[in-house]
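S.K.: Generate coordinates for the sequence data below:
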Amino acid sequence: MHSLQKSGLLVSIQDNVLVSVGLLDCFLGEVILVYTEGTECTGLVLDLELEAARLVLIKGTQRSIKKNFTLHRTFTGVKTTAGFGVLGLTINPLGIILNDLYSMEDSSFLSELLFIEIWNNSPGIIDRKQITFPVLTGIAAIDCFIPIGCGQRELIIGDNNTGKTSLAITMVISQKHVINAADYVWRAFESVAFHTTRLQRIVPCIYVFIGKRRSELVRIQNVLATKGALHYTCLLFSGSDELASLQYLAAYAGCAIGEWFRDYGYHPIVIYDDLSEHAVAYRQIALLLRRPPGREAYPGDVFFVHSKLLERSAQLSKQCGGGSLTSFPIIETKGGDISSYIPTNVISITDGQIFLSKSMVNKGLRPAVDLGLSVSRVGSKAQLKCVKYVTKKIKRDYALYKAYEGLSKVSSDLDVTLAGYVKRGTAIIAFLKQSLYSTYNLYQMVIGFFLLSEGFLDNIILNNIVLYLELFFNGTFVAMYLESNMELVFFASTELIVSYDSLFKVFKMNTFFKQLQLLGSLYESFYLQTIEPLIKNALYGTAINTI
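M.R.: Have a look, this model is predicted:
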């Protein structure tokens with residue numbers, strides 16, 4: 001009798017669903033081995049009946065399985081690859097490495113890999129703490145208006161081709177500003193410093209592909225490698241041509257990898273691209289298992305499928321290591337309809353959403369973040385004091401701009417005050433525009449917000465605001481054009497700005513902003529008198545000379 005409980009008999013197979021008898025004591029989520037001739041096949045228990053168990057195939061092909069094959073229990077759940085070695089790798093949900101190892105320069109990471117189960121419970125209330133530390137995305141519109149904290153679940157939602165994947169990739173690229181400059185060789189001394197002191201801050205990033213094309217994987221690999229962000233990123237891929245069960249398991253595998261880093265005190269971020277395909281894959285599995293369909297043919301527990309995934313994101317207390325896991329699920333809408341089944345489900349689970357508008361894309365505004373429909377339920381609690389200090393006025397000016405924007409379109413003769421609000425608002429929108437995969441560092445955002453809130457950008461041509469700030473941060477270039485009595489003041493302040501990234505928490509804000517106020521006024525007059533005439537001559541000089 002005991003031997004019968006360890007093995008069973010395959011009685012039918014259809015559409016990658018296996019029905020077995022004899023597995024009396026197996027549990028939901030258990031991995032079952034199918035002994036075949038030459039190929040290894042694995043099934044996952046998803047339904048338990050009185051005398052039979054239903055499995056879905058997660059490894060192997062249906063062609064190699066026949067009726068009356070023997071099934072054996074493994075007494076374990078699904079496992080995936082974790083550890084520091086996964087960073088820089090591309091793996092599948094079962095932990096199989098998809099990189100060409102022979103073409104990789106360093107293979108010493110293989111000793112740092114281990115296997116962990118993908119099914120874990122979410123942390124309890126006692127193990128959590130309040131979210132206070134920010135996740136700096138490098139995107140001005142998000143870090144100013146929709147701040148995200150470590151341990152938060154922030155939804156990225158929008159129609160097709162609105163820039164959801166590009167926004168997520170930009171967030172990953174931005175983490176290189178947070179990581180110490182020596183992070184590229186962190187594997188060499190991480191094992192030595194790991195149990196003693198953390199000499200640098202590493203932000204592991206896990207990007208989960210659910211039902212994507214392989215060309216998309218290669219494209220994102222190339223982008224991350226070009227931007228120098230691949231070595232701290234794990235790419236977990238499940239293709240659109242693979243089993244629906246693998247697409248279903250991909251999200252949980254990526255979450256488990258992030259939890260491994262979280263439990264060691266790090267602050268990983270996990271991006272699920274996207275949960276719409278994840279829901280479709282689960283619907284396919286549920287219908288093949290003869291589960292009753294509900295709204296839009298999804299099974300009734302599709303809400304639980306996503307909630308048990310996203311509830312695992314948390315900011316742990318100091319007693320539990322102080323790590324966090326931040327999730328960025330992506331949902332695709334049709335025609336901007338956020339009231340359909342899956343979007344409303346995920347919106348109700350997450351702590352806010354970043355809505356990308358198709359109309360803003362058509363206007364050429366990128367990233368197309370709709371600040372009216374986007375929200376963060378953590379809010380300014382997840383902002384640094386210096387960022388909160390400079391963005392209060394920005395938020396107020398933007399609200400006034402939206403209130404009086406319509407008047408500027410119907411009337412050319414506006415009150416001076418109202419015209420000032422509209423002018424400031426257009427400068428804010430010009431500042432929030434960023435090119436593809438471009439990010440702001442912390443000190444660049446703070447100083448840019450400060451100059452914007454104090455009106456130093458009001459008199460600058462909108463198309464030249466980016467150039468204005470780039471020259472401002474390039475102190476060596478600007479100091480060559482300044483007078484000798486101003487050169488030392490500007491250069492010293494510029495050096496302070498560069499080091500401000502690390503001194504932000506300990507430096508007195510009032511002292512810094514007073515110095516920045518003086519510096520901003522000096523630079524504004526210098527730019528308007530020196531740089532702007534050079535730009536005008538470069539643009540119109542040839543035409544004027546010919547006339």
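
S.K.: in the stretch 401-547 of the chain, which spans are helices?
M.R.: 416-432, 442-453, 465-473, 475-479, 484-503, 509-526, 532-546 (DSSP state H, counting those that start in this stretch).

S.K.: list the buried ones in the third one?
M.R.: Spelled out, that is helix 465-473. With burial defined by 16 or more other C-beta atoms under 10 Å, the residues of helix 465-473 counted as buried are I465, V466, Y468, L469, L471, F472, F473. C-beta: built from backbone N, CA, C; applies to glycine.

S.K.: Pick out the most distant pair among those.
M.R.: Across the buried residues of helix 465-473, the longest distance by C-beta to C-beta is 13.0 Å; it joins I465 and F473.

S.K.: quick one on the thing from earlier: least reliable of the helices of the stretch 401-547 of the chain by average pLDDT, please.
M.R.: Mean pLDDT is lowest for helix 484-503 out of the helices of the stretch 401-547 of the chain, coming in at a mean of 48.

S.K.: Could you report the neighbour count for I535?
M.R.: Counted with other C-beta atoms under 10 Å, the neighbours of I535 add up to 14.

S.K.: Distance-wise, check the nearest residue in space to it that is not next to it in sequence relative to K536.
M.R.: Excluding the flanking residues, the one nearest I535 by C-beta to C-beta, 6 or more residues apart in numbering is N464, at 6.6 Å. Distance, N464 to K536, using C-beta to C-beta, to the nearest Å: 10 Å.

S.K.: the more surrounded of the two?
M.R.: More neighbours surround N464 than the other of N464 and K536, with 16 against 12 (other C-beta under 10 Å).

S.K.: Point out where the chain drops to low pLDDT.
M.R.: Scanning the chain for pLDDT under 70 picks out the ranges 1-5, 100-111, 179-201, 408-413, 475-509, 539-547.

S.K.: Excluding chain neighbours, what is closest to the residue nearest to the spatial centre of it?
M.R.: The residue lying closest to the centre of the chain (C-alpha atoms, centre = their mean) is A168, at 4.3 Å. Spatial nearest neighbour of A168, chain neighbours left out: I271 (4.7 Å); criterion: C-beta to C-beta, 6+ apart.

S.K.: Same check on E216?
M.R.: Using C-beta to C-beta, 6+ apart, the nearest residue to E216 is F209, at 7.1 Å.

S.K.: residues touching D47, list them.
M.R.: For D47, the contact set (C-beta atoms under 8 Å, 6 or more residues apart in numbering) comprises A53, R54, L289.

S.K.: And it, which helix or strand is it part of?
M.R.: If you go by DSSP states H and E, D47 is part of strand 40-48.

S.K.: strands paired with that strand, and their directions?
M.R.: Strand 40-48 sits in its sheet next to strand 30-35 (antiparallel), strand 52-59 (antiparallel), going by DSSP bridges.

S.K.: I figured K227 was touching L436, is that so?
M.R.: No. In this structure K227 lies outside contact range of L436 using C-beta atoms under 8 Å: 10.9 Å.

S.K.: Using TSV, please lay out the strands paired with strand 40-48 together with distance to L442 and mean neighbour count.
M.R.: Formatted as TSV, these follow (distance: least, C-beta to C-beta, whole Å; neighbours: other C-beta atoms under 10 Å):
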stretch	distance to L442	mean neighbour count
strand 30-35	45	20
strand 52-59	43	22
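
S.K.: Same list (these) but as CSV, adding distance to V17.
M.R.: Formatted as CSV, those follow (distance: least, C-beta to C-beta, whole Å):
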stretch, distance to V17
strand 30-35, 13
strand 52-59, 6
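
S.K.: For K164, which of those strands is the nearest?
M.R.: strand 52-59 (27.7 Å).

S.K.: After the closest one, heading C-terminal, what element do we hit next?
M.R.: strand 70-77.

S.K.: quick one: that following strand to chain centroid distance?
M.R.: Counting by C-alpha atoms, centre = their mean, to the nearest Å, strand 70-77 is centred 36 Å from the centre of its parent chain.

S.K.: same for whichever helix or strand comes after it, what does it pack against?
M.R.: The helix or strand immediately downstream of strand 70-77 is strand 79-82, counting by DSSP H and E. With contacts defined as 3 or more C-beta pairs under 8 Å, 6 or more residues apart in numbering; DSSP states H and E, the packing partners of strand 79-82 are strand 114-117, helix 244-263.

S.K.: for the stretch 101-250 of the chain, what spans make up the strands?
M.R.: For the stretch 101-250 of the chain, the strands defined by DSSP state E, counting those that start in this stretch cover 114-117, 155-158, 205-212, 233-239.
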